[in-house]
Structure formats: C-alpha cells, structure tokens
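A.B. asks: My questions are about this predicted structure, shown below with the sequence.
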Amino acid sequence: MTNTIHTRVIVMEISLDGEFTVLGIIADSVHEVVELEADSIDHPPKVASRWNTEYILGIGKSNDNFIIILDIERIFSSSETTLMEETGFANK
C-alpha cells in the first residue's frame, strides 16, 4: 500500500479473547466520521446466499446514505488474524 495525503490510521479499542486491545488499521482514506444511535441500526439483510454477512454487524442510515457496519471484533478475532497470517494476507 502506498501512503498518500489521504491515508489515515484508524485507532480503536476492541475486545480480543476477553481482553481489551488498542488496534490501529490503515485506511486509504476516510470521508466522514458518523455517530449513529443504536435504534437507527438494523440487522444485516438476508440477501439470498450471494452475500456473506458474518462480518457485518448491521446496516445504518445517515441522512440519505446507507452505512454497512462491520463487526470489527469478529474481523480481528484471534482465529481470523491467525488465518490472515497463515495465508500471508496480514503481510500485504
């Protein structure tokens, strides 16, 4: 990945195996930070079997835009990060 003036580091605190961990991820860019109320978030849609929604926590709406909310703790669970390391994806 090439860093540009738009590259950002997103810092978050997540629970990994029952312990809170501070984690930083690099994003190509960030367009907007939005805070959503819990009641404005719906469960992921069941769209046949075309989409795998196991990493989607929900779907939110801000103004007239839909927002896919990722399940960050699931994505960065120890089993998933181990899988990324085994496949070499974590080093890219």
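C.D. replies: Thanks, I have the structure now. Numbers count the residues shown, from 1 in each chain.
A.B. asks: the strands in this structure, which residues?
C.D. replies: Secondary structure of the chain by DSSP state E: the strands cover 8-16, 19-27, 41-42, 56-62, 65-70.
A.B. asks: okay, those strands, which one's buried deepest?
C.D. replies: Mean neighbour counts were taken over the strands of the chain using mean count of other CB atoms under 10 Å, and the top value, a mean of 15, falls to strand 56-62. From N, CA and C alone the C-beta is placed, and that goes for glycine too.
A.B. asks: what about that one, average pLDDT?
C.D. replies: The predicted model gives strand 56-62 an average pLDDT of 87.
A.B. asks: So what are the sheet partners of it and their directions?
C.D. replies: In the sheet containing strand 56-62, the strands it pairs with under DSSP bridges are strand 41-42 (antiparallel), strand 65-70 (antiparallel).
A.B. asks: got the contact list for that strand?
C.D. replies: Surrounding strand 56-62, the residues in contact under the criterion CB atoms under 8 Å, 6 or more residues apart in numbering are 34, 36, 40-45, 66-71.
A.B. asks: where's the dip in pLDDT among those residues?
C.D. replies: Lowest pLDDT of the contacts of strand 56-62: residue 45, 73.
A.B. asks: That residue and residue 39: what is the separation?
C.D. replies: In this structure, residue 45 and residue 39 are separated by 18 Å, where distance is defined by CB to CB, to the nearest Å.
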